[in-house]
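**Student:** mind folding the following:
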Amino acid sequence: MMNIVPSAEPLTFLNNKELIREGQCKVCGVLLFCDEPAIYLPKRCSVKIMRYRTKEEDIGREFLDGVPLTIEGDSYNVIYSSVHETVQVVEQIQRLGSKGMEPIAYPHETLHEIITNAVLHRDYSIATDVQVRVFDNRIEVESPGRLPGHVTTENILDAQASRNPMLVSLINKFPNPPNQDVGEGLNTAFSAMEALRLKPPVVTEKENSVLVVIPHESLASPEELVLEYLEDHDEITNRIARDITGIKSENTMKNVFLRLKDRELIEPIPGRKGAASAWRTKTV
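**Tutor:** Predicted structure coming up:
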């Protein structure tokens, strides 16, 4: 505390900020200034990071890779540690790109802002940790509690409301605060995705939580991705094309090929049938 409010006596500061009531520390004080808040707030103040080796949405334990990582500590360190560990997990993932297998990358600002929001604006009355689930093609961040106040999934980038205003305000006084406390965090997250030409996060309000899905899908059209791949490769199959475009249906992908064929940009490779069929850049 003395690093954050060096001009005030800790006890005086805690009382003035109403972080103590009748000699007992309130939840906000525990979250900010306790070394091990999980002792006093079990299942309410940690972040669990899980890696699932799949792109599927209907998942089970069979896709879980290793033991989930639990991040504990005061809110300030939980935020920064969670972002760091999530980045470490993501850096191990590779996907097929136009030049072969490439490491995937999410904007650091997007991960930081969404995880910060999940920790600071969650409902601390619900005994569930924030969950970060890393998949092959997306990251899901689920925060306990519904959206606060008048905020909805439609106005979330414009409306401002805080379930935990004291927590948000005080953590902003820390050195290198994780939040700017000006209501621009999610806008920064969305802008960073657009700058990398990735599709924007999707926010869904569930019965007792808020789920933010950060997809790793290009804003480029499937046709553009196919042509980009063929700039460095002699051919492309339906399976490879589905991997680089994110399209799940073989028929939908086939229609992409046919549209490119109609524009005389690609052609089927003669003699290749069924699963072995492939396409190449149209020769002049």
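**Student:** can you pull out the strands in this structure?
**Tutor:** 20-21, 24-25, 47-51, 69-71, 94-97, 100-103, 130-134, 138-144, 202-205, 209-215, 236-237, 266-268, 278-281 (DSSP state E).
**Student:** which neighbours in the sheet does the second one have, and how are they oriented?
**Tutor:** Put plainly, it is strand 24-25. strand 20-21 (antiparallel) (DSSP bridges).
**Student:** contacts for the partner strand next, please.
**Tutor:** Leu11, Leu14, Lys26, Gly29 (CB atoms under 8 Å, 6 or more residues apart in numbering). In this view, the C-beta of every residue, glycine as well, is placed from N, C-alpha and C.
**Student:** can you put these in CSV and add distance to Ser75?
**Tutor:** As requested, these are exported to CSV (distance: CB to CB, whole Å):
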residue, distance to Ser75
Leu11, 21
Leu14, 16
Lys26, 14
Gly29, 11
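**Student:** low pLDDT regions in the stretch 1-150 of the chain?
**Tutor:** Applying pLDDT under 70 to the stretch 1-150 of the chain flags residues 6, 96-100.
**Student:** mind doing that once more with 90?
**Tutor:** 1-17, 21-23, 35, 42-44, 54-63, 66, 91-105, 136-137, 148-149 (pLDDT under 90).
**Student:** can you give me the helices for it?
**Tutor:** 10-16, 27-33, 75-90, 108-120 (DSSP state H, counting those that start in this stretch).
**Student:** returning to that earlier point: closest one to Ala161 among the strands of the chain?
**Tutor:** strand 209-215 (12.6 Å; CB to CB).
**Student:** what mean pLDDT does the closest one get?
**Tutor:** Averaging the model's pLDDT scores along strand 209-215 yields 96.
**Student:** could you list every helix and strand that that strand packs against?
**Tutor:** helix 108-120, strand 138-144, strand 202-205 (3 or more CB pairs under 8 Å, 6 or more residues apart in numbering; DSSP states H and E).
**Student:** ok, it: who's next to it in the sheet?
**Tutor:** On the basis of DSSP bridges, the sheet neighbours of strand 209-215 come out as strand 138-144 (antiparallel), strand 202-205 (antiparallel).
**Student:** out of these, nearest to Thr283?
**Tutor:** Short answer: strand 138-144, nearest of the strands paired with strand 209-215 by CB to CB, at 37.7 Å.
**Student:** tell me what angle that closest one forms with strand 130-134.
**Tutor:** Compare the direction of strand 138-144 with that of strand 130-134 by axes from the mean of the first three to the mean of the last three CA atoms, to 10 degrees and you get 170 degrees.
**Student:** would you put the C-alpha positions of strand 138-144 in PDB?
**Tutor:** C-alpha atoms of strand 138-144 as PDB (Å, rounded to 0.1, in the frame of the first residue of the first chain):
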ATOM      1  CA  ARG A 138     -10.300 -18.600 -30.800                       C
ATOM      2  CA  ILE A 139     -10.000 -17.400 -27.200                       C
ATOM      3  CA  GLU A 140     -13.000 -17.300 -24.800                       C
ATOM      4  CA  VAL A 141     -13.100 -15.200 -21.700                       C
ATOM      5  CA  GLU A 142     -16.000 -15.800 -19.400                       C
ATOM      6  CA  SER A 143     -16.700 -13.500 -16.500                       C
ATOM      7  CA  PRO A 144     -19.200 -14.300 -13.700                       C
END
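**Student:** contacts for it, please.
**Tutor:** 44, 55, 86, 90, 106, 111, 114-115, 117-119, 121-124, 126, 128-133, 206, 208-216.
**Student:** and that strand, how far out from the chain middle?
**Tutor:** In terms of CA atoms, centre = their mean, to the nearest Å, the centre of strand 138-144 is found 6 Å from the chain centre.
**Student:** cool, stretch 253-261 as well?
**Tutor:** Centroid separation between stretch 253-261 and its chain, computed with CA atoms, centre = their mean, is 32 Å.
**Student:** which other residues reach stretch 33-49?
**Tutor:** Contacts of stretch 33-49 (CB under 8 Å, 6+ apart): 1, 14, 19, 25, 27, 30-31, 68-75, 78, 82, 85-86, 89, 115, 118-119, 124, 126-132, 134, 144.
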